[in-house]
Structures are given as structure tokens and as C-alpha cells.
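Student: all I have is the shape, not the residue letters:
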């Protein structure tokens, strides 16, 4: 008996593919009507990363109305009579790499951080290299920065002031103003950020300059600090 649908070898359809988790994903993809639904999914897997078993393909017409669900992996695409239009790609796996939105919003990605104490214990770091270099030839790393470097900029900066730190316009409270023996010569400003945007809790290279919650502390040069005037 003749097939219910005769498909020519060169017949194909162009579908605008979107993704349920990756909102910015949109691609015009041409498919042969003779491809099986499973083959269609394999082709899309290479484009968006969703596994074949997690895909649920749906066809929509040009008005946005759902036409059908491609739920039989063994059927040819042509069985569903698709037209040039839309095909959505829901991802059914809750543990999918595409879930949660972090592929588009990097603020959701956990950033790697390391404490000063842990970094000091590591070998092969640039800090260890500088220390070794200085021990072999102390004069090579002698600083030409004056002990009074940027002292004049601290005239209007005092502990307790609200401030904004560049780059990034990070807001916080000034917790320290002065020279820092464990850092380069000159004057420094210790800041407790309102959010965990810092590097420490006020302890820098074994010296405590102030106290604050972990990862909210930073030591910056005065020229990076702008005191906020509260009206």
C-alpha cells in the first residue's frame, strides 16, 4: 500500500528554532523532510547543547499557534507536515546544563576566590617568584615610590565615610586610611564593600588593618576612592 505521504528527496523546510531555557537562542535551520525526528534532535543538540533525550519538539505556525508535538523519534519530519515557521525546543531535564539561566547571565555563576592565607601556602605563584627574586637580589625590587605617595589625596578621606570605588562604582564604608606595611609604600584606603565584592576581611598578608565580613574588604589607592556626600 502506498505511503500516506510521498516526500521528494530534495524537499526541505526552514524552521526558526527557539529554546525554553536559553532565551537568546534563535536560529534558522533547514531540515530535510526525510529526516527522522531523532535525527532532527541530534542536529539541534550540536547547536544548543540540550541532549536528545531531554528535547521535546513542538511545531508552531506563523501566528504562534501550536500545531503538533514531535513525539515519535522514528517518524520522518515530513509526517508532521511542517511549514516554514517556528519550532520550539523545551528542555525537560531539571539538571540540564541549560537550566537556571546561567549560560546567559554570568552574575549567576559562582566565581572562584581564594583567601590570602591559602594563596600564601601555594607554590609556584607569582608572589613566591617575587619573594625568591628579592631574597637573591634585594636591590632588584627596591621601590621608587615615596612613603608619602598620595598622602595629599587622603586629606578629605576619613574612617566612617561612605564611598564609591572605581572601577565598577562599588559602594562601601571607609575603614582604614594610612600606610600599609604589608603593601607598597604610600597611602592606602581600606574599604568594606556593601556586597561581597572584595578579597578579604581586612587581613592582608598577615596584617589586620580593619575588620569586616569575608570577601567584603579591599585595600585601594586613594585616587580610586570617591567620598559620598550625604545630604
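Tutor: Thanks, I have the structure now. Here the structure is a predicted model, which is why all the values come from computation and not from measurement. Residues are numbered from 1 along each chain as shown.

Student: now residue 144: how far from residue 209?
Tutor: 24 Å (Cβ to Cβ, to the nearest Å). Bear in mind the C-beta positions are built from the backbone N, C-alpha and C, glycine included.

Student: between these two, which has more neighbouring residues?
Tutor: residue 209 (22 against 6; other Cβ atoms under 10 Å).

Student: how far away is residue 85 from residue 154?
Tutor: Taken as Cβ to Cβ, the span from residue 85 to residue 154 is 65 Å.

Student: oh sorry, the question was meant for residue 228
Tutor: 16 Å.

Student: which one of those two has more residues nearby?
Tutor: residue 154 (16 against 12).

Student: what is the least confident helix or strand in the chain?
Tutor: When each helix and strand of the chain is scored by mean pLDDT, DSSP states H and E, strand 85-89 comes last, with a mean of 69.

Student: can you name every helix or strand that the helix or strand residue 28 falls within contacts?
Tutor: According to DSSP states H and E, residue 28 maps onto strand 26-32. On a contact count with 3 or more Cβ pairs under 8 Å, 6 or more residues apart in numbering; DSSP states H and E, strand 26-32 meets strand 12-19, helix 37-48.

Student: out of those, which one sits most buried?
Tutor: strand 12-19 (a mean of 18; mean count of other Cβ atoms under 10 Å).

Student: and that one, what does it pack onto?
Tutor: Using 3+ Cβ pairs under 8 Å, 6+ apart: strand 12-19 touches strand 26-32, helix 37-48, strand 85-89.

Student: which residues touch residue 87?
Tutor: Neighbour list for residue 87: 15, 16, 17, 18, 57, 58, 59, 60 [criterion: Cβ atoms under 8 Å, 6 or more residues apart in numbering].

Student: how close does the last one get to residue 35?
Tutor: Between residue 60 and residue 35 the computed distance is 19 Å (Cβ to Cβ).

Student: name the nearest residue to residue 78, sequence neighbours excluded.
Tutor: Leaving out its chain neighbours, the residue that sits closest to residue 78 by Cβ to Cβ, 6 or more residues apart in numbering is residue 33, at 3.4 Å.
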